[in-house]
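Asks: Take a look and give me a structure for this.
(one chain, ligands or ions: 1)
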Amino acid sequence: PNLVVLISGSGSNLQALIKAIHTGRLAARITAVISNRADAYGLQRAAEADIPTAVLSHQDFASREAFDQALQQRIDTYQPDLVVLAGFMRILTPDFVRHYEGRMLNIHPSLLPLYKGIHTHRRVLEDGGHEHGVSVHFVTPELDGGPVIMQAKVPVLPSDTETSLAQRIQTQEHVIYPQVVKWFVEGRLKLANNQATLDGNAL
Ligand code: GRF
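Replies: Reported below is the predicted structural model:
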């Protein structure tokens, strides 16, 4: 199966997928990494792994719709089985999302449905929460609202800062995202009627 990975930044989740493939744990091929930012460090990680990269800057487009259409065209040249959003910091148009419905995943750093949107670690700390985490979900038109597939929980410690909390979360991200992608490429994970199933069982 072919994967296209979309990034905007560091690409540590991309790196986790590359590693899972290289070590034989994930039987898939990343056919392209696409970034909306030319300075995304993840582009270097992709290049080092001999994965083709492309930059499509949203600033070069007059509207969100125009950008998403161009992005969709580019993605589709690679004919991916799965589109993996890995720190892709863009809100996607409904048309784009519908086009990839059931074959696009996202990772979000919170225990969804809690803390949709940005600055999740900051908001958890501000609220004095004792528990935080990360979710992998199918992408549907509702922002960060698609059916959750897998979550990992972490404790929030009294000494935590946004950085320390983000690090604890990222360690978990790098475990659960390759696992969920593996289920998908094995054909075990489906989206139907806004419900995710694994081996036919509702998640
Ligand atoms: C992750 O924390 C992810 O949950 C969020 O963006 C970050 C991406 O990190 N959506 P990286 O670029 O994969 O290192």
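Asks: Now do the helices in the chain.
Replies: Assigned by DSSP state H, the helices in the chain fall at 12-22, 42-48, 64-77, 94-99, 120-126, 162-185.
Asks: so which of those is the most packed in?
Replies: Across the helices of the chain, averaging neighbours per residue (mean count of other CB atoms under 10 Å) puts helix 12-22 on top, at a mean of 20. From N, CA and C alone the C-beta is placed, and that goes for glycine too.
Asks: could you give the angle of that helix to helix 162-185?
Replies: Interaxial angle of helix 12-22 relative to helix 162-185 (axes from the mean of the first three to the mean of the last three CA atoms, to 10 degrees): 40 degrees.
Asks: of the helices of the chain, which approaches H58 most closely?
Replies: Closest to H58 of the helices of the chain, according to CB to CB: helix 64-77, at 4.7 Å.
Asks: Output that closest one as PDB, restricted to C-alpha atoms.
Replies: What follows is helix 64-77, C-alpha atoms only, in PDB (Å, rounded to 0.1, in the frame of the first residue of the first chain):
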ATOM      1  CA  ARG A  64      -8.400  27.900   1.000                       C
ATOM      2  CA  GLU A  65     -10.500  26.200  -1.700                       C
ATOM      3  CA  ALA A  66      -7.800  26.900  -4.400                       C
ATOM      4  CA  PHE A  67      -5.100  25.500  -2.100                       C
ATOM      5  CA  ASP A  68      -7.000  22.400  -1.200                       C
ATOM      6  CA  GLN A  69      -7.800  21.700  -4.900                       C
ATOM      7  CA  ALA A  70      -4.200  22.000  -5.900                       C
ATOM      8  CA  LEU A  71      -3.100  19.800  -2.900                       C
ATOM      9  CA  GLN A  72      -5.700  17.200  -3.900                       C
ATOM     10  CA  GLN A  73      -4.500  17.100  -7.500                       C
ATOM     11  CA  ARG A  74      -0.900  16.700  -6.300                       C
ATOM     12  CA  ILE A  75      -1.700  14.000  -3.800                       C
ATOM     13  CA  ASP A  76      -3.700  12.100  -6.400                       C
ATOM     14  CA  THR A  77      -0.800  11.900  -8.800                       C
END
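Asks: give the contact list for the residue in the chain that the ligand sits nearest to.
Replies: Closest approach of the chain to the ligand (CB to the nearest ligand atom) occurs at G87, with a separation of 2.6 Å. For G87, the contact set (CB atoms under 8 Å, 6 or more residues apart in numbering) comprises 7-14, 42, 107.
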